[in-house]
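>>> Provided below for reference: sequence and predicted model.
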Amino acid sequence: MSSVKGSGRLERRGVSLKLYGLLIFIYLYLPLMVVIVYSFSPTKTIVGMTGMTGKWYVELVQDKELLKAVLHSFEVGITAVVLALVFGTAGAFFITKVRFPGKGVFRALVMLPFVLPGIIMGLTLLIFIKNLNIPLSMLTILMGHVSFTTPIVMFQVSARLQRMGPNFQFAAQDLGATPFKTFWYVTLPMIRTALIGAGLLAFTVSFDEIVISYFLTGTWTTLPVYLYGMLRFGLSPKVYAVSGLILIFSLSLILLMTKYIGRSAEEFKVRR
Amino acid sequence: MELKKSRFDPPRSYIRGTPIILWLLFLVVVPLIFTFAMSFYSSEGLVLEKTFTLKNYKVFFTDPVYARILFKSLRLALGTSMLSIAMAYPLAYMVSFKMVRGRNLLFMMCIIPLWVSYLVRIIAWRSILGNRGVINSLLLAIGIIQEPLRIFLYNRFAIAVTLTYICIPFVFIPVYTSLEKIPRNILNAASDLGASEFTSFINVVLPLSLPGLITGFIFSFIIALGDYIIPLQLGGTQGIMFGNLIWSQFGVAFNWPFGAALGFVLFIISVTILGLTAKFGSTEGGFLSE
Amino acid sequence: MDLDFHPQHIVELYMDDATAIELQNLTKRFDEVVAVDNFNVKIQKGEFFSLLGPSGCGKTTTLRVVAGLEGPSKGTVLLEGKDVTGVPAYKRNVNTVFQDYALFPHMNVKKNVYFPLKMRKISLNQAEPKIERVLRLVNMEGFGKRLPQQLSGGQRQRIALARSLVNEPAALLLDEPLGALDFKLRVAMQKVLKDIQRNVGITFVYVTHDQTEAMTMSDRIAVMKDGHVHQIASPDEIYNDPETAFVASFIGDMNFLHGIIKSGSEKSAKADISGNIINTRKLKQGIKTGEEALLCIRVERVEVNPLEGKLDNVVACTLGRIVFRGTDYEATCRFDDSEIRAVVSATAWDHGLKEGDTIKIGFKTDDVIVFPKSEEKDVIKYSVEAV
């Protein structure tokens, strides 16, 4: 922490900074609060709210189309994550273990679906699909989702592999393990938490994805696409209820994920 | 045994790369190639003419309407990014340097809005800024105004507010990461040599956090540039941006070749800007790496 | 095969051929860099063989080639007489102890030690007694359920050792295993390692940059620099008969002086150091009279004010810095533009001497070794410029 010289002036600085920080925090969290409050309001306003009601949530549960969309989101999400885990992990091993020139470019290419604006990925995939005459369906949405979830897995896993270092695998082989057994008994258990964390992260991103999905959807829709439809055709209070639930769901997923990724998951670092 | 050159690993190990290379081919490379190809076609009504033509690009580069929209979007992206930095940087500075306890918690709290659904955030802002939204309801209730003000929604202001809201976490993370990497004893040394906090900031912290700042700026810029849902939903008549221009080519306007051309232009712009991150920004994956 | 770690038993089995590991013309390149250049050696069964040298000299690379973790660019590796050059690591009967131990963090101690046996498809039941025995060998019985993270550095080291020994490999390869330990622990572990090696009778190939370690533990040492093997010999020979200036400088403390060769014979030679004629050991090949050469004398072989007639080489000089080092005194002596350091045991030191005194120093003919001046660049120096 910074020194104590001129502490009077410093402290004042600190206070005004914290005040500014607080304002920004309000800016960040106000909309979320609003959504949750609205979801319980019988009228469509906050002021003049005549008490709380859960009726929008009840309506929500009875909306068959909505529930179908939720189910679809889960289906796509889980499938995409599984595929991403396979492709991404394979890619992570490829990039950390094999020597080839232009690794930077390769990484950048894999990152593209994740960092480019969704509209570009959406339209390129749409054009690709039309050229192959594939009808818009779950398959096309799945393609889109696999495209941006794979980089997530690949980068998490390759980061973990690099932190692990190659010695554990060398030791296993030295002690008699074939490459497959090395992967199965040593490497896989050691990247397990990275896989879980990346999977959760990828699922969260997939569950919420609207831009690319909107390009690639036919009649088979996911929750965000359905929600967007609701949004365009008028603001039924049900929207807030859905939003409230999505909020809680995403939050719990993210909190769960922090158990597996980042500072909390230090256990497998090579230590003296 | 002869001398083996070890610049490349033996071809056998490239097999491991097959899945990811196939993935890359089918989901990234080939679609881009098809898009590039399509940008040279033209469409009459509902029929696609697969003859090579530069018409799409010509129209884009000559008709001032498109240039104007593109520049409008670029300006908006620039403005949004600057606003995002103005908010995210001090926040990151505060969490990194001024907080002792609860720092991890605070970090998480700055990140959480990122994971709340994008659509939910848009819905939220519509309800805050709208006629029956929070701001208007509050002002009406207090009595400052008699009728709801229409100035908050369906204009550039609404787009800016919402886009900034979306972009702040994307600036926060790289900036925070790079601030955290500054060794605290450097600052101790600086103040030991007589620098005030402000001087330390200008001469030490700011330059050292520049890579993170640039990365954050670029991420924010790209997001703001390519977004089409926010301008569409909250921009009203002022909401024609490059993003929804492209979008309409695949929707109502049904001119896929033109859309492909515009999309490709956006692609080139984005990739160029992203390339700048590699050169000037931090090399961390930011929110992707651990 | 019977699992008795009895040295006699092992020697009997292998009486016909005593070579455990043989390297023939081993060369390893990484792109343009030659990491190991033409290494030839036969390591005997039961031998404690060390690879010694500064970082980057190729010792670890050599070890990895023997283990099968890298393939050589040129040359052959033989294990117990069989060519294993193309054989991958998991099929070779040698095990490695890594510098950072590489204990699998998701397995407890017992599972770690069981791992090599599991790879040989030995059931846990059958393996239990072997695991127990090897844990007893390293004094870690009862630690079976602990996780590596819960162990201290020294304990982890011993488990790594146990894990590598449990399969009774033909040889054990150790890559600076004591590097991470602090001094006292390192010395204790050196003794443990040496005892285990002698009791089990297993061949050790030991990589280190610490010359004391190599000298105290090894039967033979290969001294390496920049991929080249400078000398393979017993510690005694390495210390007293270094083959190159590098070996002379790397082991022990050596004075290096410049001189012109005056004459040379079958038994000895003469050189001129700043006007003094010095008797030296016989010249190595390639050094001719009239040339400038490097002359080396061990610091502990230099006597201060020796008795008349006792030593063949006596030089007058001025006493410079005197440093008290606990067990001895180090005195820097200057004559003209040359400098010699003498180390005299504390009990033999004349406390009347002080800086600036004129003294005589002396040393035997056999203690002056001559190297070609061209080898000076390899000499390890300890000075500010070298840092």
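Noted; the coordinates are in hand.

>>> can you tell me the closest non-neighbouring residue to A:Glu134?
Careful, residue A:134 is Ile; it's not Glu. With sequence-adjacent residues excluded and distances taken as Cβ to Cβ, 6 or more residues apart in numbering or on different chains, A:Ile134 is closest to A:Thr140, at 6.2 Å. Any C-beta I mention is one placed from the backbone N, CA and C, and that applies to glycine too.

>>> what's the burial count for the residue of chain B found nearest chain A?
The nearest approach of chain B to chain A comes at B:Gly226, 2.1 Å away (Cβ to the nearest Cβ). Number of residues near B:Gly226 (other Cβ atoms under 10 Å in any protein chain shown) recorded here: 25.

>>> likewise for the one 5 residues further on?
B:Pro231 has 27 neighbouring residues, counting by other Cβ under 10 Å.

>>> repeat that for C:Asp31.
8.

>>> contacts only, for the residue in the stretch 101-250 of chain C positioned nearest to chain B.
Ranked by Cβ to the nearest Cβ, the top residue of the stretch 101-250 of chain C for proximity to chain B is C:Gly227, at 14.5 Å. Going by Cβ atoms under 8 Å, 6 or more residues apart in numbering or on different chains, C:Gly227 touches C:34-37, C:57-58.

>>> repeat for B:Leu54
Applying Cβ under 8 Å, 6+ apart to B:Leu54 gives the contacts B:Phe40.

>>> would you list the phi and psi of it?
Per-residue torsions, B:Leu54: phi -100, psi 10 (degrees, to the nearest 10).

>>> what pLDDT is listed against it?
Looking at B:Leu54, its pLDDT reads 84.

>>> what ranges of the chain fall below the confidence cut-off?
Using chain A here. Across chain A, the ranges flagged by pLDDT under 70 are A:1-14, A:43-51, A:234-235, A:261-272.

>>> chain B, not that one
B:1-12, B:45-46, B:282-290.

>>> helices along that one, start to end?
B:18-24, B:30-38, B:55-62, B:64-93, B:103-115, B:118-129, B:134-142, B:156-180, B:184-192, B:197-200, B:206-226, B:229-234, B:242-250, B:256-280 (DSSP state H).

>>> can I get the helix or strand containing C:His258 in CSV, CA atoms only?
Assigned by DSSP states H and E, C:His258 falls within strand C:254-264. Provided in CSV are the C-alpha atoms of strand C:254-264 (Å, rounded to 0.1, in the frame of the first residue of the first chain):
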residue,chain,number,x,y,z
MET,C,254,42.7,-22.4,-8.1
ASN,C,255,45.2,-19.7,-8.8
PHE,C,256,45.6,-18.8,-12.4
LEU,C,257,48.8,-17.1,-13.6
HIS,C,258,50.2,-16.1,-16.9
GLY,C,259,53.7,-17.2,-17.8
ILE,C,260,56.0,-18.0,-20.8
ILE,C,261,57.2,-21.5,-21.2
LYS,C,262,61.0,-21.6,-21.0
SER,C,263,61.7,-25.3,-21.4
GLY,C,264,60.0,-28.7,-21.1
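
>>> and it, which residues are buried?
Neighbour counts over strand C:254-264 (16 or more other Cβ atoms under 10 Å in any protein chain shown) mark C:254-259, C:261, C:264 as buried.

>>> which of those lies closest to A:Leu188?
When the buried residues of strand C:254-264 are ranked by distance to A:Leu188 (Cβ to Cβ), C:Met254 comes first, at 52.6 Å.

>>> that closest one touches C:Arg301, doesn't it?
No: the criterion here is Cβ atoms under 8 Å, and C:Met254 misses it with C:Arg301 at 9.8 Å.

>>> what residues does chain C have near chain B?
C:27, C:29-31, C:71-76, C:85 (Cβ under 8 Å from any Cβ of the partner chain).

>>> which ones among the residues you listed map onto strands?
When DSSP state E is applied, the residues of chain C next to chain B are split such that C:27, C:29-30, C:74-76 fall in strands.

>>> and these, which two are furthest apart?
Across those (Cβ to Cβ), the longest gap, 19.4 Å, separates C:Phe30 and C:Thr76.

>>> which ones are touching the residue most central in space within chain B?
Centroid-nearest residue in chain B: B:Ile223, 2.1 Å away (criterion: Cα atoms, centre = their mean). Remark: with contacts taken as Cβ under 8 Å, 6+ apart, B:Ile223 is in contact with A:117, B:163, B:166-167, B:170.

>>> go again with 7 Å.
Residues in contact with B:Ile223 (Cβ atoms under 7 Å, 6 or more residues apart in numbering or on different chains) are A:117, B:166-167, B:170.

>>> C:Ile369 too?
C:242, C:248, C:281, C:296.

>>> assign the last one to helix, strand or coil.
Remark: C:Cys296 carries the secondary structure label strand [criterion: DSSP: H, G, I helix; E, B strand; the rest coil].

>>> thinking again about what came up before, distance check, the residue of chain B closest to chain A against chain C.
To chain C, B:Gly226 is 42 Å away according to Cβ to the nearest Cβ, to the nearest Å.

>>> list the single closest residue to that residue in space, sequence neighbours excluded.
A:Pro117 (2.1 Å).

>>> how about the strand or helix carrying the residue nearest to A:Ile134: buried residues?
Here A:Thr140 sits within helix A:138-164, counting by DSSP H and E. Judged by neighbour count (16+ other Cβ under 10 Å), helix A:138-164 contains these buried residues: A:138, A:140-161, A:164.

>>> if we can go back for a sec, now the contacts of B:Ile223 in a markdown table, with neighbour count?
As requested, the contacts of B:Ile223 are exported to a markdown table (neighbours: other Cβ atoms under 10 Å in any protein chain shown):
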| residue | neighbour count |
| --- | --- |
| A:Pro117 | 24 |
| B:Ile166 | 21 |
| B:Cys167 | 28 |
| B:Phe170 | 25 |
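
>>> returning to what we had before: give the contact list for the residue nearest to B:Gly226.
For A:Pro117, the contacting residues are B:222-223, B:225-227, B:266, B:270, by Cβ under 7 Å, 6+ apart.

>>> and if you look at B:Gly236?
When contacts are counted by Cβ under 7 Å, 6+ apart, B:Gly236 touches B:154-155.

>>> chain C versus that one, what's the distance?
B:Gly236 is 57 Å from chain C, by Cβ to the nearest Cβ.

>>> and if you look at B:Cys110?
32 Å.

>>> ok, how many other residues are close to the closest residue in space to that residue that isn't next to it in sequence?
Counting by Cβ to Cβ, 6+ apart, B:Phe172 is the residue found nearest to B:Cys110 once chain neighbours are left out, at 5.3 Å. Per other Cβ under 10 Å, the neighbour tally for B:Phe172 reads 29.

>>> same question for B:Ser13.
14.

>>> surely it touches A:Val98?
Yes: if you go by Cβ atoms under 7 Å, B:Ser13 and A:Val98 touch, sitting 5.1 Å apart.

>>> how about the helices in the stretch 201-350 of chain C?
C:211-217, C:235-240, C:245-250 (DSSP state H, counting those that start in this stretch).

>>> in the longest one, what counts as buried?
For helix C:211-217, the neighbour count (16+ other Cβ under 10 Å) marks C:211, C:213-215, C:217 as buried.

>>> same deal with the last one?
For helix C:245-250, the buried set under the neighbour-count rule, 16+ other Cβ under 10 Å, comprises C:245-250.

>>> with the second one instead?
Neighbour-count burial for helix C:235-240, with 16+ other Cβ under 10 Å as criterion, is recorded at C:235, C:238-239.
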